[in-house]
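Q: Output the structure for:
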Amino acid sequence: MVSALFAAAALASGIVPVVDLPPVAGDPCAFVDAAQDRGETEDARFTLDDQVRLVDIGRQDPRGARAHFTLSPDGTSVAVNLKSADPETNRYCLRLVVVGMDGSGILRELDRGGEFIRGDFKLRDFSYVKAGYDRSNPPRWSPDGTRIAFLKRIDGSTQAWMVAADGKTPARQVSFLPDDVDSVAWTSDGNGLVVGTRPGIRLKAEAIAREAPDGFLFDERFSPNLARRPIPTGDIATEYQVVSLADGRPRSATPEEAARLHPELPASAPRDARVYAESQDGYGAWIEPKNSEQLLSTTRLVIAKPDGGRMACDAKDCEGIRSLWWSADGQSLLGMQWTGWATSQTALLRWDVTEPRPHRILLTDDMLIGCMPAGVEILCAREGADRPRRLVAIDAGSGADRVVFDPNPQLLGKTFGQVQRLRFTDPNGLEGLADLVLPPDHRPGEKHPLVVVQYRSDGFLRGGTGDEVPIHVLANRGFAVLSFARPYPRQPAATAKTNEELVRTSRVDWLSRRVVQASLEAAVDLAVRSGAVDPERMGISGFSDGSSTVQWALINSSLFKAATMGSCCEDLFSFAYAAGPRFGQLIRTPGYRFFETGSKKDWKPMSLILNVDKIHTPILIQAADSEYQSGLDVVTTYALRGRPMELFVLNDETHVKWQPAHRQAIYLRSVDWFEFWLMHRMDCDPGKEEQYRRWKAMAGAPAPENLVCRRPLRSTIAPSSRPRRDRAGGR
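A: This next block holds a predicted model:
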């Protein structure tokens, strides 16, 4: 009955002819294999293809990433999940490998294949919304170190799998549950796997499907951007089961078994403790807010002794801690924190229990991800402004590091942009940060067109938040790039007690937007004063909150001559109703007004619609099909006024785009756009004639005689046709 309802609903929604082309045939790992066979490439420049096909360890955004690697029980090996995009097949090459802690670089592949496992999140009251980033999937070693459990998705179902750590036998599926498995761990005896699922997702969707024959009431469950039917709302509980390795049968997990996936804080921990860690000798450690009433209170670091005594560090040097763990001997607490100017640096702390306070063993501009103890070392993923993520072992005493595994050795000979970190204090007294990236061959006295990319600047400078504008690719093509990190207003953040209060106070007179603009102008001014930037040829890009920054900058300054946006737009009409009734209610709470008398006056500083007569900057929008409706009022208004604007809608996409073919297309179009408007250059590939025909017809476009052809943006080397080398494990 339920399946019939689903089928009926699907047929009812098909009111226009739609053809889904079959998936492109091919092996998404062919390019990876060919690159390994080929060794170094002839092109020394870091190209767009290099960026598209980077081999990743976990989620791309380092601030949101978790470990996708784990250390073996004997400390000699690391299991790592690797991901690399293949835009030609629009799939990912997914591999589970084991590498030695000795840094030899010898790689043993245990499994490959499966579908990209996307994360999800709760949005407003909606129970479940698919994300464009990875679900956390660290490989799990069995207690005896002979097997590894992991998640794998086949034919739209994510289940628990297992493989021998020596790679001598193929991986096999262990769970066969009706719902996706979200997480997996071993039982203490190694005879079963503890898995977490959320049957409520399926049950709520089935309940909505049963409404279809009578029609859906348009209520708070709707968000037209996201879906054409109600979306499940409310909390969804995780259920924990144990799957027997002997017969594959599931049973309910005991509280002790469930705690292997979702450990509870011990009764002795304070109510507001965060990031708790306990040693085998009975020491406890956590961070706690200094002011429990403040939403974003600064924190202190606390150690509880077995005898009931406490040690606390209230100093600024102990704030910003993100993770804690104990050394192997249980006598030292180790921690990773975000610290430094505008919290742009990462540090490792060590607190010996015999000492009165911790000391810092490492401070770096790099980002550290997923750190864990590894004997006398700390195993982390590390990435820097011009070096993608790799695994390193950091000496827990000296802070010196060594490379354990680099998944992108082919990039070691590549040229990246010259990165200069800019630190400044903006007119509001806030610490500001941006990275100025110049062409690798920049010479003193040269001035380059500038592209601003935002709204964070962490780790490897890839494509900004949302990963849509390739920073080092632009630098290698003659641009200066300003990777700008947005600040947040000091006063609301320091005093707000709730999220509602924080948003409301930041919204008064567009305070948050004014603060960001002041900091952006200070960063741009520093870049121009470096002597390497042409102030008459500057563009700006933005995604999510960064798109709002683009809006404000175009309306309230005359700095930028071209713009791109990964989502659009925060404006008068579509922004409110395309997201649904509940969203409209929520954003009215902090002071937004829509459709009411006088609302246009409130929106004048921010509205592209109300400022259409003063904006002539060409704007390229590349939006997900789950979001583009929010900007249709702006797009329509600009089309009627003949303003240079173009909207691309990317099918089956989320807020953060996840499909490799789309990522490549966004990169290509972004670079083409900025080269056309700021450099008067075109890619004279015959396949792009229609693109440039449209752009040349836009108001303000360069005269045809001033346009020149440039070297191709693509430089893909076809995968090797030689047979693939043998690898251990299944396919």
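
Q: Next, the residue found closest to L412 once you drop the neighbours it is linked to in the chain: phi, psi?
A: Closest residue in space to L412, ignoring its immediate chain neighbours: D406 at 7.6 Å, by CB to CB, 6 or more residues apart in numbering. Heads up, the C-betas are built off the backbone N, CA and C, glycines and all. When quoted as degrees, to the nearest 10, the phi and psi of D406 stand at phi -110, psi 110.

Q: Distance check, D406 against L54.
A: D406 is 12 Å from L54, where distance means CB to CB, to the nearest Å.

Q: now do V163
A: 25 Å.

Q: who has more neighbours, the two?
A: V163 (25 against 18; other CB atoms under 10 Å).

Q: Against L110, how distant is that one?
A: V163 is 5 Å from L110, by CB to CB.

Q: Same check on S599?
A: S599 is 58 Å from L110, where distance means CB to CB.

Q: How about A562?
A: Distance from A562 to L110, by CB to CB: 47 Å.

Q: just L261 next, same as before
A: The value you get for L261 to L110, if CB to CB is used, is 22 Å.

Q: Counting neighbours, go ahead and name the busier of those two.
A: L110 (25 against 17).

Q: So which other helices or strands are in contact with the helix or strand the more buried one falls within?
A: Assigned by DSSP states H and E, L110 falls within strand 107-112. Under the contact criterion of 3 or more CB pairs under 8 Å, 6 or more residues apart in numbering; DSSP states H and E, strand 107-112 touches strand 91-100, strand 147-154, strand 157-164.

Q: hey, where'd the helices end up in the stretch 251-400 of the chain?
A: Here the stretch 251-400 of the chain has its helices, by DSSP state H, counting those that start in this stretch, at 255-258.

Q: now swap in the stretch 451-600 of the chain and tell me
A: For the stretch 451-600 of the chain, the helices defined by DSSP H, counting those that start in this stretch occupy 471-476, 490-495, 499-507, 511-529, 545-556, 574-577, 581-588, 599-603.

Q: Please tell me how far the last one is from the chain's geometric centre.
A: Average the C-alpha atoms of helix 599-603, do the same for its chain, and the two points are 33 Å apart (CA atoms, centre = their mean, to the nearest Å).

Q: After it, which helix or strand is next? Please name it.
A: Beyond helix 599-603 on the C-terminal side, the first helix or strand identified by DSSP H and E is strand 619-624.

Q: I figured A485 hits R456, correct?
A: Yes. In this structure A485 lies within contact range of R456 using CB atoms under 8 Å: 5.4 Å.

Q: Which residue, neighbours along the chain excluded, lies closest to I615?
A: Spatial nearest neighbour of I615, chain neighbours left out: L554 (5.5 Å); criterion: CB to CB, 6+ apart.

Q: How many residues are close by R202?
A: For R202, using other CB under 10 Å, the count is 16.

Q: element containing it, please.
A: Here R202 is assigned to helix 199-209, by DSSP H and E.

Q: ok and the next helix or strand after that helix relative to strand 147-154, angle-wise?
A: Going down the chain from helix 199-209, the next helix or strand is strand 239-244, by DSSP H and E. With axes from the mean of the first three to the mean of the last three CA atoms, to 10 degrees defining the directions, strand 239-244 sits at 120 degrees from strand 147-154.

Q: which helices and strands sit right next to strand 239-244?
A: Taking 3+ CB pairs under 8 Å, 6+ apart as contact, the helices and strands that strand 239-244 lies on are strand 192-197, strand 250-252, helix 255-258.
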